[in-house]
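Peer 1: here is a sequence together with a model predicted from it:
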Amino acid sequence: MVYGLEAENFRGFMHHIDTSKMIAKLMLFGSSEPAPAKVKICETSNLKGDINGDFSVDDSDAYLTLTLFLGEIADTELEKKVDVDGNGVIDFKDVALIMQEV
Ligand SMILES: [Ca+2]
Ligand SMILES: [Ca+2]
């Protein structure tokens, strides 16, 4: 059960990972539809945390991390790049570290 601002984002049954992602999106961007949704993954940059390949670490990278990788084991080169703190799992700390770069 949910009530209050943005409650419409939590209707029906949700997996706890999806609930976490939505809460983080709302906390980071104030909306379930953040502006950087148009970004795409690019593997040309070797900069840790830069997963859209624009050679800077910003909220677009944090958004991609949230929506695509959170909760996944970091075993590919791209996932290792997203695992900013290097603990082997893509988690909220990685998103927070990316957001510190903004
Ligand atoms: Ca970037
Ligand atoms: Ca991590």
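Peer 2: Nice, thanks for sending it over. Numbers count the residues shown, from 1 in each chain. Ligands and ions are numbered 1, 2, ... in the order given.

Peer 1: pick out the residue nearest the middle of the chain.
Peer 2: The residue lying closest to the centre of the chain (CA atoms, centre = their mean) is residue 66, at 1.8 Å.

Peer 1: so that one touches residue 21, yeah?
Peer 2: Yes: at 5.6 Å, residue 66 counts as touching residue 21 under the criterion of CB atoms under 8 Å. Any C-beta I mention is one placed from the backbone N, CA and C, and that applies to glycine too.

Peer 1: the residue nearest to the centre of the chain in helix, strand or coil?
Peer 2: helix (DSSP: H, G, I helix; E, B strand; the rest coil).

Peer 1: tell me the pLDDT of it.
Peer 2: As predicted, residue 66 sits at a pLDDT of 78.

Peer 1: contacting residues around it?
Peer 2: The contact partners of residue 66, by CB atoms under 8 Å, 6 or more residues apart in numbering, come to 21, 24, 25, 28, 95.

Peer 1: now with 6 Å?
Peer 2: 21, 24, 95 (CB atoms under 6 Å, 6 or more residues apart in numbering).

Peer 1: neighbours of the second one, how many?
Peer 2: Counted with other CB atoms under 10 Å, the burial measure for residue 24 works out to 19 neighbours.

Peer 1: for it, which non-adjacent residue is spatially closest?
Peer 2: Once flanking residues are discounted, residue 24 sits nearest to residue 66: 5.6 Å by CB to CB, 6 or more residues apart in numbering.

Peer 1: gap between the one you found and ligand 2?
Peer 2: 13 Å (CB to the ion, to the nearest Å).

Peer 1: and residue 17, by the same measure?
Peer 2: 15 Å.

Peer 1: repeat that for residue 1.
Peer 2: 31 Å.

Peer 1: return the residues of this structure in contact with ligand 2.
Peer 2: With CB under 5 Å from the ion as the criterion, the chain meets ligand 2 at residues 83, 85, 87, 91, 94.
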